[in-house]
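K.L.:
Build me a structure from this.
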Amino acid sequence: MAEFTSRLAVAADVPKLTVLMDAAIAELQRFFLDDAQIASSRAIMGIDTELIDDGTYFVVEAGSDVAGCGGWSRRATLYGGNQTPGRDSNLLDSSVDPARVRAMYSCS
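P.N.:
Have a look, this model is predicted:
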């Protein structure tokens, strides 16, 4: 079994992360949601490249395979991907606002 390693995500990771996220949305929710609910999830879930640009998003790898990803944000947006309506890129006030855990996905 390959050892898990982690590193900061970079823009070049987006295609592999998108595949992982799509699989997680489609398969890991199947036990809890019907097809229509999974389709609705796709409308708001997915890659948020702002986290990558901010240097707060991580990739977990098992050998050369992406096994998971996730990160945190210092921005007001609570959830969602690049396509999610109503995003708020304003920075939080770290003296009163906690950072937000964001976009955690795994392959199983």
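K.L.:
This structure: strands as residue ranges?
P.N.:
In the chain, strands defined by DSSP state E lie at 4-8, 57-62, 65-73, 100-106, listed in chain order.
K.L.:
What helices and strands are in contact with the longest one?
P.N.:
What it means is strand 65-73. Strand 65-73 is packed against helix 14-23, helix 49-54, strand 57-62, strand 100-106, with contacts defined by 3 or more CB pairs under 8 Å, 6 or more residues apart in numbering; DSSP states H and E. Using the backbone N, CA and C atoms, a C-beta is placed for each residue, glycine as well.
K.L.:
Now do the same for the residue of the chain positioned farthest from its centre: its pLDDT.
P.N.:
Each residue of the chain has a distance to the centre, and by CA atoms, centre = their mean the biggest one is for S95: 25.3 Å. pLDDT, S95: 96.
K.L.:
Skip the chain neighbours and tell me the closest residue to I38.
P.N.:
Residue nearest to I38 in three dimensions, not counting chain neighbours: Q29, with 5.5 Å by CB to CB, 6 or more residues apart in numbering.
K.L.:
want to throw the helices and strands packed on strand 65-73 into CSV with distance to D34, mean pLDDT and mean neighbour count?
P.N.:
Formatted as CSV, the helices and strands packed on strand 65-73 follow (distance: least, CB to CB, whole Å; pLDDT from 0 to 100; neighbours: other CB atoms under 10 Å):
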stretch, distance to D34, mean pLDDT, mean neighbour count
helix 14-23, 18, 95, 15
helix 49-54, 29, 97, 18
strand 57-62, 29, 97, 19
strand 100-106, 20, 93, 16
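K.L.:
Just put these in TSV and tack on distance to R7.
P.N.:
What follows is the helices and strands packed on strand 65-73, written out as TSV (distance: least, CB to CB, whole Å):
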stretch	distance to R7
helix 14-23	12
helix 49-54	12
strand 57-62	6
strand 100-106	16
